[in-house]
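Participant: one predicted model, sequence on top.
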Amino acid sequence: MSPALPELRTTRLHLRLARPGMQAAMAAFLRENYPGHLDRWSPPASAEFFTEAFWRERLELALEEFLSGRCARFVLQEGPEDGPILGTCNYTNIVRGPFLACYLGYQVAHAREGQGLMREALAATNAYVFESLRLHRIMANHRPENTRSARLLERLGFVTEGLARNYLFIDGAWRDHVLTALTNPSFDPSWVEPAGR
């Protein structure tokens, strides 16, 4: 039997681990929001990126990655699992050992910007990553001109640590990124695995 997958509830949202069966909703979310909205902050995407076939395969992989402890990808929904997706938040490149850290990336539907949904979602998923996945550090990077992301991360307690020049190829050019991080205030040192395990 498959282990139970995480599902978090907030005042307005169901935060579900991205999984097979969500491919139609994921493709629809991206088709509706990528051009003119998400494309400004995201790497280039091929035409197949917006298809159910692509997401059927990608969501199978996302589940495998979660079960092996390499990532946790969540979707934001207001209702049932087969309902529309309002956004995503992805905790990727999880590294254990003495690092116990990951990268956070997120996106919200254009029509739902400015409603506090992503702040609500990330408060819950960050707590899950710290308490259940037992990580010490979450790193999130944003383009300097993305003031919405800057304000969101600051409100959530992320601290600016530097600027990476020509960090990612986005919107047709290499773009600088502000580097931020949030550390676990309740981290237990016993969670660090000893060398040799």
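Facilitator: Noted; the coordinates are in hand. All values derive from a computational prediction rather than experimental measurement.

Participant: Asn184 - nearest residue in space that isn't next to it in sequence?
Facilitator: Phe130 (4.3 Å; C-beta to C-beta, 6 or more residues apart in numbering). Yep, even glycine has a C-beta here, placed from its N, CA and C like the rest.

Participant: likewise Asn166?
Facilitator: Nearest one to Asn166, counting by C-beta to C-beta, 6+ apart, is Trp174 at 3.9 Å.

Participant: on that earlier part again, a helix runs through the residue nearest to Asn184, doesn't it?
Facilitator: Yes: under DSSP: H, G, I helix; E, B strand; the rest coil, Phe130 falls within a helix.

Participant: isn't it right up against Gly157?
Facilitator: No: using C-beta atoms under 8 Å, Phe130 makes no contact with Gly157, being 11.3 Å away.

Participant: give me the more crowded residue out of the two.
Facilitator: Set Phe130 next to Gly157 and count neighbours by other C-beta atoms under 10 Å: Phe130 wins out with 20 against 14.

Participant: and the pLDDT for the residue sitting nearest the centre point of the chain?
Facilitator: The geometric centre of the chain, computed from its C-alpha atoms, lies nearest to Asn90 (C-alpha atoms, centre = their mean), at 2.0 Å. With respect to pLDDT, Asn90 scores 98.

Participant: ok, now which ones touch it?
Facilitator: Cys71, Ala72, Arg73, Phe74, Leu104, Gly105, Tyr106 (C-beta atoms under 8 Å, 6 or more residues apart in numbering).

Participant: so the fifth one sits against Asn93, correct?
Facilitator: By that I understand Leu104. No: counting by C-beta under 8 Å, Leu104 sits too far from Asn93 to count as a contact (10.1 Å).

Participant: the two: which has the busier surroundings?
Facilitator: Leu104 (22 against 11).

Participant: for the more buried one, what are phi and psi?
Facilitator: The phi/psi pair for Leu104 (degrees, to the nearest 10) reads phi -110, psi 130.

Participant: ok, what's across the strand from it?
Facilitator: Tyr91, Ala140 (DSSP bridges).

Participant: so what's it up against?
Facilitator: Cys89, Asn90, Tyr91, Thr92, Leu122, Asn126, Ile138, Met139, Ala140.

Participant: contacting residues for Val75?
Facilitator: Leu15, Arg16, Ala18, Met22, Ala25, Met26, Ile85, Gly87, Thr88.
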